[in-house]
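Engineer: My questions are about this predicted structure, shown below with the sequence.
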Protein chains: 2
Amino acid sequence: MIHITPEEQAGTAGKPGSQFTGTAFPYVTMAQTDGVTINTVVFTPGARTHWHSHENGQILQVLAGRGLVQSEGGPIEVLRAGDTVWVPPGERHWHGAAPDSFLSHTAISLGTTSWEHPVADHEYEPSRDSEGSEQ
Amino acid sequence: MIHITPEEQAGTAGKPGSQFTGTAFPYVTMAQTDGVTINTVVFTPGARTHWHSHENGQILQVLAGRGLVQSEGGPIEVLRAGDTVWVPPGERHWHGAAPDSFLSHTAISLGTTSWEHPVADHEYEPSRDSEGSEQ
């Protein structure tokens, strides 16, 4: 058994360009063990992951703030405290803060994570993009 | 993607005799999906699971209260809010409330769960058992 107390979480500053757009603060609760990785991440407003997928799926648990999540081909859904999301194995998706709010969530990733390209501004805020083109 | 809001959790009263000793209130956050099951459980003081194991392991996340957890052959460890526990695949264990506190935790179970016999009083409170035999 591995028993992790809050004091034992290892915090690191965000790594823009590799996994995130904007500034995010990932805290490692449990580094990969038996194929399971647990991170708690604070996203600043507008920050989000790149597109990615998980070999055996991912659980997101929203702790505070307001966020966004989208699977490839699906709608952008709003995340609020208390929400739980299951992303099936191999499903391409992204998640992050809303444009005007921070987001704190715990992410439990199963198997290997495959990182891809950034979420473009027109993907993150399609309505704002439309407004812009109307002007 | 499956997106579960707090209102969508299905609550059920405890089922003493099948999985728990004492009274526990399991709430199903996500019924088994792609081999992943998410439950939030409130244990009343003294309540605990039976001995059991999970095919691909289990994550416990302590939300509130104070609890106990033990893997077979290991010490009884105290659970407090903010703690995370990883129980490896196939490791026999139990968890529940402390004798004098409720416990609320989220349990994420991977693969099939194998339930066994109840945790005896002398296993749950070995110090109390010793005190009793001295009188």
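Structural biologist: Happy to help now that I have it. Numbers count the residues shown, from 1 in each chain, chains lettered A, B, ... in the order given.
Engineer: Is chain B within reach of the helix or strand containing A:Ala64?
Structural biologist: Following DSSP states H and E, one finds A:Ala64 within strand A:58-71. Yes - with C-beta under 8 Å from any C-beta of the partner chain as the measure, strand A:58-71 is seen reaching chain B through A:Ile59, A:Gln61, A:Val69, A:Ser71. Where C-beta positions appear, they are placed from N, C-alpha and C, glycine not excepted.
Engineer: Tell me, how many residues neighbour the last one?
Structural biologist: Okay, so that is A:Ser71. Residues contacting A:Ser71 under the criterion other C-beta atoms under 10 Å in any protein chain shown number 19.
Engineer: Confirm for me that A:His95 is in contact with A:Ser71.
Structural biologist: No - under the contact definition of C-beta atoms under 8 Å, A:His95 does not touch A:Ser71, with a separation of 9.8 Å.
Engineer: any chance of the residues of strand A:58-71 next to chain B in CSV, with pLDDT too?
Structural biologist: Below are those laid out as CSV (pLDDT from 0 to 100):
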residue, pLDDT
A:Ile59, 98
A:Gln61, 98
A:Val69, 98
A:Ser71, 98
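Engineer: got the contact list for A:Ile4?
Structural biologist: Counting by C-beta atoms under 8 Å, 6 or more residues apart in numbering or on different chains, A:Ile4 touches A:Thr29, A:Met30, B:Asp83, B:Thr84, B:Val85, B:Trp86.
Engineer: for these, which one is nearest A:Asp100?
Structural biologist: The shortest gap between A:Asp100 and any of those belongs to A:Thr29, at 27.3 Å (C-beta to C-beta).
Engineer: so what's that closest one closest to, chain neighbours aside?
Structural biologist: In this structure, A:Thr29 finds its nearest non-sequential neighbour in A:Ile38, 4.1 Å apart by C-beta to C-beta, 6 or more residues apart in numbering or on different chains.
Engineer: three-state assignment of that neighbour?
Structural biologist: Look at A:Ile38: counting by DSSP: H, G, I helix; E, B strand; the rest coil, its state is strand.
Engineer: Run through the bridge partners of it.
Structural biologist: Using DSSP bridges, the beta-bridge partners of A:Ile38 come out as A:Met30, A:Ile108.
Engineer: surely it meets A:Thr106?
Structural biologist: Yes - here A:Ile38 lies in contact with A:Thr106, judged by C-beta under 8 Å, at a distance of 6.7 Å.
Engineer: Neighbour count: those two, which is higher?
Structural biologist: Here A:Ile38 and A:Thr106 are set side by side on neighbour count (other C-beta under 10 Å), and the busier one is A:Ile38, at 23 against 20.
Engineer: Spit out the contact partners of that one.
Structural biologist: When contacts are counted by C-beta under 8 Å, 6+ apart, A:Ile38 is found next to A:Val28, A:Thr29, A:Met30, A:Thr106, A:Ala107, A:Ile108, A:Ser109, B:Ile59, B:Thr84, B:Trp86.
Engineer: which of those residues lies closest to A:Glu91?
Structural biologist: The shortest approach to A:Glu91 among the contacts of A:Ile38 belongs to A:Ser109, at 12.5 Å (C-beta to C-beta).
Engineer: what helix or strand does the residue nearest to the spatial centre of chain A sit in?
Structural biologist: When chain A is reduced to its mean C-alpha position, the closest residue under C-alpha atoms, centre = their mean turns out to be A:His95, at 3.7 Å. Element membership of A:His95 [criterion: DSSP H and E] is strand A:93-97.
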